[in-house]
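Student: how would this look folded up:
(4 chains)
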Number of protein chains: 2
Amino acid sequence: MKRAKKKAFAEFMSQRGLKSTKQRDIILDSFLSSDRHLSIEELYLKLRSKHPNIGYATVYRTLKLFAEAGIAREMQFGDGQTRYEHVSEGEHHDHLVCTRCGHIEEFENEAIEKLQDEVAETHGFLIERHRLELYGLCATCRK
Amino acid sequence: MKRAKKKAFAEFMSQRGLKSTKQRDIILDSFLSSDRHLSIEELYLKLRSKHPNIGYATVYRTLKLFAEAGIAREMQFGDGQTRYEHVSEGEHHDHLVCTRCGHIEEFENEAIEKLQDEVAETHGFLIERHRLELYGLCATCRK
DNA sequence: GCCATCATGAAAGTGATATCCATTGACATT
DNA sequence: AATGTCAATGGATATCACTTTCATGATGGC
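Tutor: Residues are numbered from 1 along each chain as shown, chains lettered A, B, ... in the order given. Down below sits the predicted model:
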């Protein structure tokens, strides 16, 4: 999985005539071995301890690049920060966001997607993508 | 409906010991007689022509106040601006957002909500609120 | 190794939101 | 109607999370 994404990214880079650099390798490694919903700042801080010479702008640009390469997706959960989540080929999921601890869980539900399609149809609407987020308290924070 | 909201807002204000002012009255009127998904800037510009002496900060603070009073709700549709929509007692709806013209339609679907509750339950999650947005092309833009 | 390009990082720029502060206004009390 | 008190206003400034600039440093095809 990590290997597949590294390969996908390498291909994307060479297709676009972009260069491979130490920083990009480090950021990719760190991103792939992270929690699935990191903000730029979180990833930057995580890297900072081991690689104090990597700048914020590089992390920012590299994450954008991941998104363009299709191995990451930009997401907004309303806390004012853009988060990047891992993308797996053909997979889609929605989110449970804990309003207390910020923990984000994922889920998939075919039945909901089907109902969404029906709603769209009755409005003559053509769905490109959707977002469904349930905000509340996670199992841990309920206690 | 407008009357009910004005009353609700007046009650909220007196409960909190806040004052009624010309500006707040004007902004409330303008908000209530507007499209359902205005940004701060849109409302400010709309007011500007008739009431050039109302400041941006006042519009900003007053909309926040509406949200606290429960007559408006802050929404993000990913265009980088917070929009305020009207809230009706006990009503909830989701959105169809046109990615071409920006048009926003609303819909309600009991069956989807029910499935959401089921998802939450299987995760031990307690839902406070949710957001469901379908992005794509509206009927008009499809042509 | 040379060199045209691309990449980097510190710093400056943006745009939307949030706050500050001197002045004004609302309203309960004389 | 005048006063006192505290909230409200609005212009200006600050903040926050990006986003871009630019001088310097790497990369990789020759």
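
Student: Could you report the distance from the nearest residue to A:Asp79 once chain neighbours are set aside to DNA strand D?
Tutor: Using Cβ to Cβ, 6 or more residues apart in numbering or on different chains and skipping the chain neighbours, the partner closest in space to A:Asp79 is A:Gly102 (7.3 Å). Backbone N, C-alpha and C define where each C-beta goes, glycine included. To DNA strand D, A:Gly102 is 13 Å away according to Cβ to the nearest atom of the strand, to the nearest Å.

Student: what about the helix or strand harbouring A:Thr62 and DNA strand C, any contact?
Tutor: Assigned by DSSP states H and E, A:Thr62 belongs to helix A:56-69. Yes: Helix A:56-69 reaches DNA strand C (Cβ under 7 Å from any atom of the strand) through A:Tyr56, A:Ala57, A:Thr58, A:Arg61, A:Thr62.

Student: hang on, the earlier thing: please report phi then psi for the residue nearest to A:Asp79.
Tutor: phi 80, psi 0 (degrees, to the nearest 10).

Student: Show me which parts of the lengthiest strand in chain A are buried, residue by residue.
Tutor: In chain A, assigned by DSSP state E, the strand with the most residues is strand A:126-137. Buried residues in strand A:126-137, counting neighbours by 16 or more other Cβ atoms under 10 Å in any protein chain shown, are found at A:Leu126, A:Ile127, A:His130, A:Arg131, A:Leu132, A:Glu133, A:Leu134, A:Tyr135, A:Gly136, A:Leu137.

Student: OK, contacts around the last one?
Tutor: In this case it means A:Leu137. A:Cys98, A:Thr99, A:Arg100, B:Phe125, B:Leu126, B:Glu128 (Cβ atoms under 8 Å, 6 or more residues apart in numbering or on different chains).

Student: Quick check: the residue nearest to the spatial centre of chain A vs DNA strand C, distance?
Tutor: Nearest to the mean C-alpha position of chain A, by Cα atoms, centre = their mean, lies A:Glu85 at 1.3 Å. The gap separating A:Glu85 from DNA strand C is 21 Å, by Cβ to the nearest atom of the strand.

Student: and for the strand or helix carrying that residue, what are the contacting residues?
Tutor: Assigned by DSSP H and E, A:Glu85 falls within strand A:82-86. Strand A:82-86 has contacts (Cβ under 8 Å, 6+ apart) with A:5, A:31-32, A:36-40, A:43, A:63, A:66-67, A:71-77.

Student: do that again at 6 Å, thanks
Tutor: With contact meaning Cβ atoms under 6 Å, 6 or more residues apart in numbering or on different chains, strand A:82-86 is reached by A:Arg36, A:His37, A:Leu38, A:Ser39, A:Leu63, A:Ala72, A:Arg73, A:Glu74, A:Met75.

Student: Likewise for stretch A:55-62?
Tutor: So stretch A:55-62 is contacted by A:Gln23, A:Arg24, A:Ile27, A:Ile40, A:Leu43, A:Tyr44 (Cβ under 6 Å, 6+ apart).
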